[in-house]
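S.K.: prediction below, plus the sequence it came from.
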Amino acid sequence: MKKIVGIVFLLLSITVSAQVDYYTKGGVAVDGYDVTEYFNKTPKKGVKEYSVNYDGTQFYFVNEKNKTKFEATPKSFIPQYGGYCAYAIGTKGDKVKINPETYEIRDGKLYLFYNSWGTNTLDLWHKEGAEALRINADKNWEKIKNKQ
């Protein structure tokens, strides 16, 4: 019996540790913005009434249609790097908060950026070479995505 309990505990530990660390504010991903709306080029804040718990994280949507669209293919809408600033992940491997209205859709994927106090990292992302930074961010994310 002790062996079974130990195995169950080990499996639960592995499952919990493998969960991606999403950037959240108030327990909601992307500061409550509807991730499907970015692909319409109209970032909008979602509402609690239309929420989905995905991968242990709450996502809000502006309406039932967007919620259903997300539920059908969530990985199509999830922001890269857990919604942390793509530039910071690419340059230093740091998890940095974002401004939910500073974003880019690149190759069908959503990238979010920090934009405050005179620093717009989306501008830096383009100026310093977005594709090279993306490649570096992908590598960095693999190392840090499960760390809180």
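M.R.: Right, received. Where do you want to start?

S.K.: tell me which element residue 112 falls in.
M.R.: strand 109-113 (DSSP states H and E).

S.K.: let me see the mean pLDDT of that strand.
M.R.: Across strand 109-113, pLDDT averages out at 98.

S.K.: what element comes up after it heading to the C-terminus?
M.R.: Counting by DSSP H and E, the next helix or strand C-terminal to strand 109-113 is strand 115-116.

S.K.: same question for the helix or strand that that following strand is followed by, mean pLDDT?
M.R.: For strand 115-116, the succeeding helix or strand toward the C-terminus, using DSSP H and E, is strand 119-120. Across strand 119-120, pLDDT averages out at 96.

S.K.: distance between strand 119-120 and the chain's centre?
M.R.: 19 Å (CA atoms, centre = their mean, to the nearest Å).

S.K.: show me what that strand is in contact with.
M.R.: By CB atoms under 8 Å, 6 or more residues apart in numbering, the surrounding residues in contact with strand 119-120 are 102, 113, 114. For every residue, glycine as well, the C-beta is placed using N, CA and C.

S.K.: what is the nearest of these to residue 133?
M.R.: For these, the minimum distance to residue 133 (CB to CB) is 10.9 Å, reached by residue 113.

S.K.: give the contact list for the closest one.
M.R.: By CB under 8 Å, 6+ apart, the contact list for residue 113 reads 85, 86, 87, 98, 99, 102, 103, 104, 120, 121, 122, 125.

S.K.: can you redo the residues you listed as TSV with neighbour count?
M.R.: What follows is the contacts of residue 113, written out as TSV (neighbours: other CB atoms under 10 Å):
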residue	neighbour count
85	26
86	31
87	31
98	28
99	16
102	20
103	22
104	17
120	16
121	24
122	21
125	25
